[in-house]
Structure formats: structure tokens, C-alpha cells
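**Q** Sequence first, predicted model second:
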Amino acid sequence: MITINGLTVHQVALLDEMWACDTWQDFEEFMETLDAADRVEAGRLQRMILLAELDAVVAKSPLKEAKEVLDKFRL
């Protein structure tokens, strides 16, 4: 489960729509329905999800050295 704190109501609504997409094509079609500002915001949210998932994978990794290097770049 991915948790991202501090989102606005609008960001949560965008994420709900993004999660509702079953395929990449559905996601691309959804993105085309957005105005420019929401498209940028949805892209930002997409990157946040990817980074949160990457953090979760790294946290489970037994590779101590890799964790130490990646920890230098975490916010």
C-alpha cells in the first residue's frame, strides 16, 4: 500500500481517477481529457507514486550498501 501525505482534495480526486484506469491506454486517454495544469499535476502525482514504490522496494532490500547510497538522495 502506498501512502502519500499532505495531498489536496483535488490531488486525491486526480489520483482516484488515475487508479481507476485499468490499462496504460486508459491512463493516456484520461490524461488527454485534462487541461494543461491538471495534466502537469497528474504527471507529478504519477512520479510521486513511482518514487514511493521505489522507496518501499529499497526498504525491503537486503543490500545495505545500496540503501546507504540511496538514502543520501531521499528527501
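**A** All right, it came through fine. Since the structure is predicted, the reported quantities are computational estimates derived from the model, not experimental observations. Residues are numbered from 1 along each chain as shown.

**Q** how deep is residue 14 tucked in, by neighbour count?
**A** When counting by other CB atoms under 10 Å, one arrives at 21 neighbours for residue 14. Yep, even glycine has a C-beta here, placed from its N, CA and C like the rest.

**Q** Does anything pack onto the strand or helix carrying residue 51? Which helices or strands?
**A** Taking DSSP states H and E as the criterion, the element that holds residue 51 is helix 36-60. Judged by 3 or more CB pairs under 8 Å, 6 or more residues apart in numbering; DSSP states H and E, the packing partners of helix 36-60 are helix 9-19, helix 24-33, helix 64-71.

**Q** just these: most buried one?
**A** Most buried of the helices and strands packed on helix 36-60, by mean neighbour count (mean count of other CB atoms under 10 Å): helix 9-19, with a mean of 14.

**Q** Residue 3: what secondary structure?
**A** Classification of residue 3 using DSSP: H, G, I helix; E, B strand; the rest coil returns coil.

**Q** isn't it right next to residue 52, touching?
**A** Yes: with contacts counted by CB atoms under 8 Å, residue 3 reaches residue 52, the gap being 7.5 Å.

**Q** Looking at these two, which has the bigger crowd around it?
**A** residue 52 (13 against 6).

**Q** low pLDDT regions in the protein?
**A** Residue ranges of the chain with pLDDT under 70: 75.

**Q** Try it again at 50.
**A** In the predicted model, the chain carries no residue with pLDDT under 50.

**Q** How far away from the center of its chain is the helix holding residue 51?
**A** On the basis of CA atoms, centre = their mean, to the nearest Å, helix 36-60 sits 2 Å off its chain's mean C-alpha point.

**Q** tilt between it and helix 24-33?
**A** Angle of helix 36-60 versus helix 24-33, following axes from the mean of the first three to the mean of the last three CA atoms, to 10 degrees, is 140 degrees.

**Q** Spatially, what comes nearest to the residue nearest the centre of the chain if we skip its sequence neighbours?
**A** Centroid-nearest residue in the chain: residue 49, 1.6 Å away (criterion: CA atoms, centre = their mean). Using CB to CB, 6 or more residues apart in numbering and skipping residues adjacent in sequence, the residue nearest residue 49 is residue 2, 6.0 Å away.
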